[in-house]
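Participant: Here is a sequence with its predicted model. Questions after.
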Amino acid sequence: MRTIAQEISARDARLAKVIAAHPLCTIGRNPKPVTHFEALVESVISQQLAVKAADTIYARVKALAGGRMVPGRITQISEADMRAAGVSGAKFKTIQGLADAALSKRININKLHEIEDDQSIFDQLTSLWGIGPWTVDMFMMHQLGRLDIWPTGDLGVRRGWEKIYALTEEIEPSALDKKGEKFRPYRSVVAWYCWRALS
């Protein structure tokens with residue numbers, strides 16, 4: 001990661017300042033290993049929520065599952081109980097769809113790390129109802145440690161980019177998509193430093 005950070009710094013002076021001012025990027029070093037299924041449920045719950053609220057709801061859902069976030073237990077939780085825990089109707093449907101896909105082996109969720117092609121993982125997961133690019137991007141970055149994900153749909157990444165480059169107008173995801181090209185194959189690391197720039 002030190003080598004990657006140095007390479008990004010050499011490519012871009014503004015990013016070099018952010019990298020120098022913050023700790024080394026932690027992508028690829030997961031401090032609390034969880035199953036891929038658990039990480040995906042966490043990503044779904046986190047959609048459009050502040051971190052603290054998402055953590056609280058996630059803890060409630062895990063308690064409903066008897067402390068074990070596994071597909072078989074998730075499918076047994078009623079919508080009413082999930083709603084009472086703070087999960088929206090749409091997220092309930094998504095989480096149940098994820099559990100069903102895991103149980104039916106339609107998607108071998110806990111072996112996704114064995115697939116080298118990011119696009120293949122993306123296509124499999126986004127085929128499920130309610131799982132969009134943001135959820136898959138977060139999963140691939142934080143759970144699988146993939147280094148070349150560019151989550152332009154993430155508001156924090158866009159706000160961080162605007163701050164780093166002192167932009168006076170909001171950048172559109174499509175415009176940011178093009179800007180990321182020069183940072184291949186380390187765009188996940190650039191995104192991580194965009195978040196740090198806001199802290």
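Facilitator: Everything's here; your move. It should be emphasised that the depicted structure is a prediction, and the values quoted were computed from it without experimental measurement.

Participant: rest of the way, CA atoms for contacts and neighbours
Facilitator: OK.

Participant: hang on, residue 135 packs against residue 40?
Facilitator: Yes: when contacts are counted by Cα atoms under 8 Å, residue 135 is listed as touching residue 40 (7.5 Å).

Participant: where are the low-confidence patches of the chain?
Facilitator: 31 (pLDDT under 70).

Participant: Spit out the contact partners of residue 108.
Facilitator: residue 102 (Cα atoms under 8 Å, 6 or more residues apart in numbering).

Participant: I figured residue 191 hits residue 150, correct?
Facilitator: Yes: applying Cα under 8 Å, one finds residue 191 in contact with residue 150, separated by 6.7 Å.

Participant: Point to the residue nearest the middle of the chain.
Facilitator: residue 138 (1.0 Å; Cα atoms, centre = their mean).

Participant: That one: helix or strand, and which one exactly?
Facilitator: helix 133-138 (DSSP states H and E).

Participant: Please work out which residues outside that helix touch it.
Facilitator: 40, 43-44, 47, 122, 125-126, 149-151, 153-154.

Participant: ok, residue 79 - how many residues close by?
Facilitator: Look at residue 79: counted by other Cα atoms under 10 Å, it has 16 neighbours.

Participant: what about it, distance to residue 65?
Facilitator: According to Cα to Cα, to the nearest Å, residue 79 and residue 65 sit 13 Å apart.

Participant: Please enumerate the helices of this protein.
Facilitator: 2-11, 13-21, 36-46, 51-64, 71-74, 79-84, 89-103, 118-126, 133-138, 155-164, 173-179, 187-197 (DSSP state H).

Participant: which ones are touching the nearest residue to residue 5 once chain neighbours are set aside?
Facilitator: Of all residues not flanking residue 5 in the chain, residue 19 sits nearest, at 7.0 Å (Cα to Cα, 6 or more residues apart in numbering). By Cα under 8 Å, 6+ apart, residue 19 lies in contact with 5, 9, 193.

Participant: can you check residue 25 too?
Facilitator: So residue 25 contacts 1, 5, 189, 192-193 (Cα under 8 Å, 6+ apart).

Participant: If any of the contacts of residue 19 are buried, put those into a ChimeraX selection.
Facilitator: Remark: buried members of the contacts of residue 19, expressed as a ChimeraX selection using 16 or more other Cα atoms under 10 Å:
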select :5,9,193
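
Participant: residues in contact with the nearest residue to residue 176 once chain neighbours are set aside?
Facilitator: Leaving aside its chain neighbours, residue 176 sits nearest to residue 152 (6.3 Å; criterion: Cα to Cα, 6+ apart). By Cα under 8 Å, 6+ apart, the contact list for residue 152 reads 158, 173-174, 176-177.

Participant: out of those, who has the most neighbours?
Facilitator: residue 158 (21 neighbours).
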